[in-house]
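Colleague: here's my sequence, what's the structure:
(one chain, ligands or ions: 2)
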Amino acid sequence: MIGGVQGVLQGLDAKPHRRGATTLRLLGELQPYGRTLVGAAALILVVAVCQALGPWLVSRAIDVNVARHDGRGLVVTIAVMAAVYVMGALAQRIQIFVIGTIGQRVLAELRQRLFSRFQGLPIGFFDQRPIGDLMGRVSNDVDALNQLLTHGLTQSIGAVFGLLVILVAMAMLNSLLALVCLATLPLMGLTIWMLARWARFAYREARKTTGMVMAELQEEIGGLRETQAFNRAGESEARFRERNRANRDANIRAAVATSVFSPAIDVMSALTIAAVIGSGAWLVLQGSLTLGLLAAFVLYIGQFFWPIQIVAQVSAQLQAALAGAERIYEILDEDPEAETGGLSLVSGQGRVEYREVEFSYTSGRPVLSGVSFVAEPGETIAIVGPTGAGKTSIANLLLRFYDVSAGEVLVDGVDVRDVPREALRAQIAVVAQEPFLFSGTVAENLAYGRPNATREEVVAMAKAVGADAFIEALPQGYDTPLGEGAGRLGHGQRQLLAIARAVLADRPILLMDEATSHVDAATEASLQRALATALEGRTAIVIAHRLSTIRHADLILVVADGRIAERGTHDELLAAGGRYAELYRHHEEASGHSVTPR
Ligand SMILES: Nc1ncnc2c1ncn2[C@@H]1O[C@H](COP(=O)(O)OP(=O)(O)OP(=O)(O)O)[C@@H](O)[C@H]1O
Ligand SMILES: [Mg+2]
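Modeller: Ligands and ions are numbered 1, 2, ... in the order given. Here you go, the predicted model:
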């Protein structure tokens, strides 16, 4: 199981990484906000120009005002300087807000798309994916993008603009000194590029191990009862520690990769400053540069390396975001279930037919073969058979959770693959083997398949299946909120609610999987009567271990090893003296008293 989780994560990660493509796609997400972005870019330009004006004003103050002992002129220059800085700061704040808002919108949009994709993916997709890892993609990986889109993007665009404007300003003031600054840029670029590569690998590992921690967490919390009951808390902890440690190490490596950026750039900036001051001072001595301009250059150099720092920092952030984006797009790129066939199911009679159905979950391991049967409208078909025989798989095919490998499943004479899934499922009410109840009140859960049902209808249905008594006994009756997974209800109670929910949905076909296996004999008897009425005029396919539930079925199918081993009515099968007769005898011996005599 654990190896499986790991295998899956590695399998997902084995796909080739196309960073350029991922970056382009991320930028594509910004496309709808093009105009706003142009506005923000204009603001950024204002910020950059304001920042570049500052040192130039300083040089004016020194070379013009101070040199000429012009006190009034100095006051004016300083006032202009203050105005320029205030304007720059204001423009910066507005721009940060604007881009931050865009970032949040893009993120919410991505999260929504991930969620919709989950809804549209084939059930088989989830057979092989740990839920925790999928949740990690919606939360942690989207969060990694958050960092980039809300902070990184703003800062780096600002930084690039700032750098350009400063370069222009420096070139205009003194091209020789500007060249000295430029000389270090290629080296700087190379360093950043190499460090970014390193950071990217580190971040990819960090994101992957975070997914594994989430998967482990989800599994362990889900299995907490077993862990405690089997005294395996120690092992669980050890396993979690192992994954947690791997995640910690990966994150530390990523942090180290990031933290190397700053010192590397500091060293280079110190060298450049020394070079500029050295050559600048020499130019001043030569008389080809004023003192004020040298001061302006020193200030520019301070500003010059700040954008580079930002770009380096953001490029680390970008690596984390890209690693997250890769994992997000991996899900978004999964093919959703292809919508098939434009045929409609209008008759709503509920005739079900399986024709020579073959099916396997994984190719080469057939689960069903040669399954054929017909359920005429209004009939009840019972499916019995040993565990693992393929009963639930037969049900899965009717709902199109999976598709047949060969043969056909027909509803009202139409191949289920030729109708839209929604139209097909609108014909079928389901009681699953492990019924899931949603958070929300009992009444809301009962009305899940028919949201506009009145309270009277809900209560009447609960009474009909014998769930009324225990619901009334709940703290707030029908308005009792059910927790996640409805842990507070027993399995039998959950099944009763699931049955009421399915019958209330009022569909022509009722599909029940082991619906009554966990209900006590008394409840079962009343349920039996309720179902008899509820099934009237409906086609029902009922899978059950309890033979009492199905002895009145129109047709009983005994499934063994994926084939229909026997078929007939209760009496016919008893008379035939085969598997069913055997099963029935065992059942009589084990719990004969629970069989409702007729
Ligand atoms: N999602 C799946 N992926 C791969 N194999 C599966 C999957 N679900 C079931 N199987 C396999 O298919 C076979 C039939 O399983 P199925 O659940 O249909 O049996 P069942 O008759 O409903 O059993 P039970 O009475 O225990 O509910 C089993 O061997 C099972 O291991
Ligand atoms: Mg089953």
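Colleague: my guess is Ala443 contacts Leu482. True?
Modeller: No. Counting by Cβ atoms under 8 Å, Ala443 stays clear of Leu482, with 10.3 Å between them. Glycine gets a C-beta too; all of them are placed from N, C-alpha and C.
Colleague: whichever residue of the chain sits closest to ligand 2 and Arg129, how far apart?
Modeller: Residue nearest to ligand 2 within the chain (Cβ to the ion): Thr392, separated by 3.1 Å. For Thr392, the distance to Arg129 equals 20 Å [Cβ to Cβ, to the nearest Å].
Colleague: and the chain, which residues reach ligand 2?
Modeller: Selection of the chain residues close to ligand 2 by Cβ under 5 Å from the ion yields 392, 433.
Colleague: where do the strands of the chain begin and end?
Modeller: 352-359, 368-375, 380-384, 406-411, 414-415, 428-431, 440-441, 481-482, 509-513, 539-543, 555-560, 563-568 (DSSP state E).
Colleague: which among those is found nearest to Met87?
Modeller: Closest to Met87 of the strands of the chain is strand 440-441 (Cβ to Cβ; 53.3 Å).
Colleague: tell me how far that closest one lies from the chain's centre.
Modeller: Its chain's C-alpha centre and that of strand 440-441 lie 24 Å apart, by Cα atoms, centre = their mean, to the nearest Å.
Colleague: stretch 289-306 now?
Modeller: For stretch 289-306, the distance to the chain centre is 50 Å (Cα atoms, centre = their mean).
Colleague: go on, stretch 231-242?
Modeller: Centre-to-centre, stretch 231-242 and its host chain are 27 Å apart (Cα atoms, centre = their mean).
Colleague: any idea of the mean pLDDT in it?
Modeller: For stretch 231-242, mean pLDDT is 90.
Colleague: in the stretch 101-250 of the chain, which residue sits nearest ligand 1?
Modeller: Using Cβ to the nearest ligand atom, Asp127 is the residue of the stretch 101-250 of the chain that sits closest to ligand 1, at 4.2 Å.
Colleague: just checking, that residue touches Asn396?
Modeller: No. Using Cβ under 8 Å, Asp127 makes no contact with Asn396, being 10.9 Å away.
Colleague: how about the most centrally placed residue in the chain, what does it touch?
Modeller: The chain has Val138 as the residue nearest its centroid, 3.7 Å off, counting by Cα atoms, centre = their mean. By Cβ atoms under 8 Å, 6 or more residues apart in numbering, the contact list for Val138 reads 111, 114-115.
Colleague: read off the pLDDT value for it.
Modeller: Taking Val138 on its own, its pLDDT is 85.
Colleague: what of Asp133?
Modeller: You'll see Asp133 listed with a pLDDT of 84.
Colleague: isn't it right up against Gly211?
Modeller: Yes. If you go by Cβ under 8 Å, Asp133 and Gly211 touch, sitting 4.2 Å apart.
Colleague: more crowded one of these two?
Modeller: Neighbour count, other Cβ atoms under 10 Å: between Asp133 and Gly211, Gly211 has more, with 27 against 22.
Colleague: what about that one, distance to Leu224?
Modeller: Taken as Cβ to Cβ, the span from Gly211 to Leu224 is 21 Å.
Colleague: what does Val260 give?
Modeller: With distances taken as Cβ to Cβ, Val260 is found 41 Å from Leu224.
Colleague: swap in Arg93?
Modeller: In terms of Cβ to Cβ, Arg93 sits 48 Å off from Leu224.
Colleague: pipe the contacts of Val138 into JSON lines and attach distance to ligand 1 and pLDDT per row.
Modeller: Shown next, in JSON lines, are the contacts of Val138 (distance: Cβ to the nearest ligand atom, whole Å; pLDDT from 0 to 100):
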{"residue": "Arg111", "distance to ligand 1": "27", "pLDDT": "91"}
{"residue": "Leu114", "distance to ligand 1": "23", "pLDDT": "92"}
{"residue": "Phe115", "distance to ligand 1": "22", "pLDDT": "92"}
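Colleague: now for the residue nearest to Val80 when sequence neighbours are not counted: which residues touch it?
Modeller: Distance criterion Cβ to Cβ, 6 or more residues apart in numbering; nearest residue to Val80, sequence neighbours excluded, is Leu57 at 6.3 Å. By Cβ under 8 Å, 6+ apart, the contact list for Leu57 reads 77, 80-81, 84.
Colleague: Glu337 too?
Modeller: Glu337 neighbours (Cβ under 8 Å, 6+ apart): 120-122, 421.
Colleague: identify the farthest-apart pair in the residues you listed.
Modeller: Spatial extent of the contacts of Glu337 (Cβ to Cβ) is set by the pair Leu121 and Arg421 at 12.3 Å.
Colleague: the closest residue in space to Thr480 that isn't next to it in sequence - how many residues pack around it?
Modeller: Distances taken as Cβ to Cβ, 6+ apart place Leu474 nearest to Thr480, at 4.1 Å, with adjacent residues excluded. When neighbours are counted by other Cβ under 10 Å, Leu474 registers 17.
Colleague: which one of Val260 and Leu224 has more residues nearby?
Modeller: More crowded of Val260 and Leu224, by other Cβ under 10 Å: Val260, with 17 against 12.
Colleague: wait, that one touches Leu195, no?
Modeller: Yes. In this structure, Val260 is within contact of Leu195 by Cβ under 8 Å, at 5.8 Å.
Colleague: what does the stretch 301-450 of the chain put close to ligand 1?
Modeller: When proximity is defined as Cβ under 6 Å from any ligand atom, the stretch 301-450 of the chain approaches ligand 1 at 361, 367, 385, 387-393, 433.
Colleague: with the stretch 101-250 of the chain instead?
Modeller: Asp127.
Colleague: try it again with 8 Å
Modeller: 123-124, 127 (Cβ under 8 Å from any ligand atom).
Colleague: neighbour-wise, which of the residues you listed leads?
Modeller: Ranked by neighbour count under the definition other Cβ under 10 Å, those are headed by Gly124 with 14 neighbours.
Colleague: and the closest residue to that residue other than its chain neighbours, how many neighbours does it have?
Modeller: Setting aside the residues directly before and after it, Gly124 is nearest to Tyr402 in space (Cβ to Cβ, 6+ apart), at 6.1 Å. Applying other Cβ under 10 Å, we find 17 residues neighbouring Tyr402.
Colleague: mind checking the longest helix of this protein?
Modeller: Determined from DSSP state H, the single longest helix within the chain is helix 233-286.
Colleague: which other helices and strands contact that one?
Modeller: Helix 233-286 is packed against helix 175-183, helix 185-222, helix 291-332, with contacts defined by 3 or more Cβ pairs under 8 Å, 6 or more residues apart in numbering; DSSP states H and E.
Colleague: mind putting the ones you listed into JSON lines with mean pLDDT?
Modeller: Shown next, in JSON lines, are the helices and strands packed on helix 233-286 (pLDDT from 0 to 100):
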{"stretch": "helix 175-183", "mean pLDDT": "85"}
{"stretch": "helix 185-222", "mean pLDDT": "84"}
{"stretch": "helix 291-332", "mean pLDDT": "83"}
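Colleague: out of the ones you listed, deepest packed?
Modeller: Highest mean neighbour count of these: helix 291-332, a mean of 22 (counted as mean count of other Cβ atoms under 10 Å).
Colleague: and it with helix 233-286, angle?
Modeller: Note on geometry: by axes from the mean of the first three to the mean of the last three Cα atoms, to 10 degrees, helix 291-332 and helix 233-286 are set 150 degrees apart in direction.
Colleague: angle of helix 291-332 against helix 175-183?
Modeller: 30 degrees.
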